[in-house]
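Q: Mind folding the following:
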Amino acid sequence: MATKNFKRLPYGNPNFESIRTENYAYVDKTRFIELLENEANKAQFFIRPRKFGKSLFLSTLSNYYDIRKASRFEQLFGDLYIGKNPTPLQNAYSVINFDFSGLNTRSEEGFVESFSACIRDTVLFFIENYREQFPRADDFIKEILDDKRGVDAMNIAIRIVNTANLKLFVIIDEYDHFANDLIAMGSHKGRDFYSKMVHANGLVRDFYEILKKGRSTVIDRIFITGISPVMLDNLTSGFNIADNLTIDLQYNEMMGFTQEEVDALMCETGVDPAKIGIDMALYYNGYLFNGDGENRLYNSTMVLYFFNLILKNKKTTAANIIDSNLKTDYGRLQQLVQSEKNRDTLIKIIKEGSITSDIIKEFPMEMMYSDEYFKSLLFYMGLLTIKENYFGGYRLQIPNYSIRTLFWEYLDRLVRESSPDMTIDTEQLKEAILNMAMKGEVYTFIEYVSQNAFSRLSNNDLQRFDEKYIKILLLAYLFQSNIYVTMSEFETGGGYTDIFLQRSPHLPEVKYEWVLELKYLKVENEKELAKAKKEAEEQLLRYMQAYRLTGRPDMKTATIVFIGKNKFEIYC
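A: Residues are numbered from 1 along each chain as shown. From the prediction side, this is the model:
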């Protein structure tokens, strides 16, 4: 039997031409080119979370519309959707690609210099690329270099395209990167800096006003992407010509992978399903960007990261199946929680698992810390996603287990910062969780958390103390160990468990899994202990009828009733 020749995995490769000519697998998203071209407005905004394939999609657009690539159209697109269904504007433009990531935001002077240099260098590169179409290319290059042109170099690009009787497609990646960096500063200085750049006569505003004016001459199409809409409102008066397509139903799947696409990618690149070993949907899936969307989506980079581990024959462990790039999202999450109100919102999300909200399509930076704007920003960042439509708005939820770990880590740090007496002896904690896994004994873990966490809570935290708050604190502590995949509100058919501890797929030697049911009584209500115990046991009985749980000697259950912050009773 002939050995199948697999394609290379495109992990870390956002270059469409490279992918199509160097035997990489390509998840075909070109049907969306046709949809975008048919939009009435040729200037378009589209926002997606980090690592969702934005740069590759922009590279695909650039190659499709570039007049220089016309002779290679069949090679690059022939077997793709758009190659079989080409549009009227195929290879019809000179294309200029701006990337605003990596700008210097450490000082106002540094930003002005780096932003201006980015515009100037991009225009110079554009002119060099289209030298054959621009007879006076050297004159224009000299004009830019002699005058040390900054943002105004874009006017020269418009002039040179006009003299060549061409049309221009402007593509902008990471349009909001500098704004997100300034948000992360979490200070008035950062906000003042931002305001100066995007308001009237600001450098960024000037650039977008040039684009707006260019729409009346040679700029025929514009496509702009980033991770948040925080600049859209501030740019409106200077750049009010683009449609925001972010949550339009027909573009739900334009970036990210559907389950069908993940399965096809595995087949094409030779990823052995037998080596997966985890519930990929649990870790990486779950994103929905329109309440009526047909398919939920995987974060594409998370999937490629995981497949890369498998193909390189690296042992996947509970520690490395979550991409370390998520730490960047954690840092941003920390900076966003500037107010007590936002901290309470975050704790409510962790406790309830979801929250209701509208999704605001654009908002100014100064409003982003108010409640509805804050929840919308979490959605755009990929920290929340749509669970369902809800009375004209949405119910938002944490999309997957990988993102949930960010919230637990945040909560763990928040509680420890607000309760200085709280300590974690990592070895002692891990030993207590190991006792659950190998000895089927839960008392040591609960006693550890009771003594080291609950009994030392601050008065502020005590105001939140209830069953759900107890649960998320326990989850945060369980997260310290890689022995279990820790799940909250696991659906059994008979209800939703408080905590389900599933053995890590990488640790089959773990003897016991657990279902924990939690109850809380105030000290003055301790007389209701028997009632709480009975209620919990009835719930556990219903849960244990589920086909995944019933009749399993390795499945342990425990009712834990907390009384005040210092006492508890365990019933196994």
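Q: And the strands in the protein, which stretches?
A: 43-47, 94-99, 168-173, 219-226, 243-244, 354-357, 385-390, 393-397, 484-488, 499-503, 513-521, 555-563, 567-571 (DSSP state E).
Q: Among the ones you listed, which comes closest to residue 343?
A: In terms of Cβ to Cβ, the element of the strands of the chain nearest to residue 343 is strand 354-357, at 13.7 Å. Bear in mind the C-beta positions are built from the backbone N, C-alpha and C, glycine included.
Q: Now for this structure, the helix or strand with the poorest mean pLDDT.
A: Of all helical and strand segments in the chain, the minimum by mean pLDDT, DSSP states H and E falls on helix 326-336, at a mean of 63.
Q: could you check the angle strand 168-173 makes with the longest helix along the chain?
A: Longest helix of the chain, by residue count under DSSP state H: helix 108-129. Compare the direction of helix 108-129 with that of strand 168-173 by axes from the mean of the first three to the mean of the last three Cα atoms, to 10 degrees and you get 140 degrees.
Q: can you pull the buried residues of helix 108-129?
A: Using 16 or more other Cβ atoms under 10 Å as the test for burial, helix 108-129 gives 111-112, 114-116, 118-120, 122-124, 126-127, 129.
Q: In contact with the residue nearest to the spatial centre of the chain: list those residues for me.
A: Residue closest to the average C-alpha location in the chain (Cα atoms, centre = their mean): residue 382, at 3.3 Å. Applying Cβ atoms under 8 Å, 6 or more residues apart in numbering, we find residue 382 in contact with 48-50, 52, 227, 287, 299, 329, 399, 403.
Q: Give me the neighbour count for residue 165.
A: Applying other Cβ atoms under 10 Å, we find 8 residues neighbouring residue 165.
Q: Outline the domain layout of this structure.
A: Following automatic domain parsing, the chain resolves into domains at 28-250, 326-397, 422-571.
Q: okay, those domains in a markdown table with distance to residue 270 next?
A: Listed next are the domains of the chain as a markdown table, based on distance: least, Cβ to Cβ, whole Å:
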| stretch | distance to residue 270 |
| --- | --- |
| domain 28-250 | 19 |
| domain 326-397 | 26 |
| domain 422-571 | 21 |
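Q: Determine which of those domains shows the lowest mean per-residue pLDDT.
A: Of all these, domain 326-397 carries the lowest average pLDDT, namely a mean of 82.
Q: Can you give the distance from that one to the centre of its chain?
A: The chain centre lies 12 Å from the centre of domain 326-397; the measure is Cα atoms, centre = their mean, to the nearest Å.
Q: What of stretch 405-414?
A: Centroid separation for stretch 405-414 versus its chain: 16 Å, with Cα atoms, centre = their mean.
Q: now stretch 43-58
A: Chain-centre distance of stretch 43-58: 12 Å, with Cα atoms, centre = their mean.
Q: likewise stretch 146-160?
A: Here stretch 146-160 shows a centroid-to-chain-centroid distance of 36 Å under the convention Cα atoms, centre = their mean.
Q: before we move on, the earlier item: quick check, nearest of the buried residues of helix 108-129 to residue 499?
A: Closest to residue 499, out of all of the buried residues of helix 108-129 and judged by Cβ to Cβ, is residue 111, at 46.7 Å.
Q: Quick one: residues contacting that closest one.
A: The contact partners of residue 111, taken as Cβ under 8 Å, 6+ apart, are 103-105, 178, 193, 197, 203.
Q: cool, residue 81 as well?
A: Residue 81 neighbours (Cβ under 8 Å, 6+ apart): 28, 30-31, 34.
Q: Which parts of the stretch 251-400 of the chain are helices?
A: Ranges of helices in the stretch 251-400 of the chain, per DSSP state H, counting those that start in this stretch, are 259-269, 280-284, 300-311, 326-336, 340-352, 371-380.
Q: which one of those helices lies closest to residue 218?
A: Within those, the stretch nearest residue 218 is helix 371-380; the backing value is 31.7 Å (Cβ to Cβ).
Q: Buried residues, the closest one. List them.
A: For helix 371-380, by 16+ other Cβ under 10 Å, it's 373-380.
Q: quick one: which of those residues is nearest to residue 96?
A: residue 380 (25.9 Å).
Q: and the spatially closest residue to the closest one that is not a sequence neighbour, how many residues sit next to it?
A: Nearest residue to residue 380, sequence neighbours excluded (Cβ to Cβ, 6 or more residues apart in numbering): residue 228, at 4.8 Å. Residue 228 has 24 neighbours, counted by other Cβ under 10 Å.
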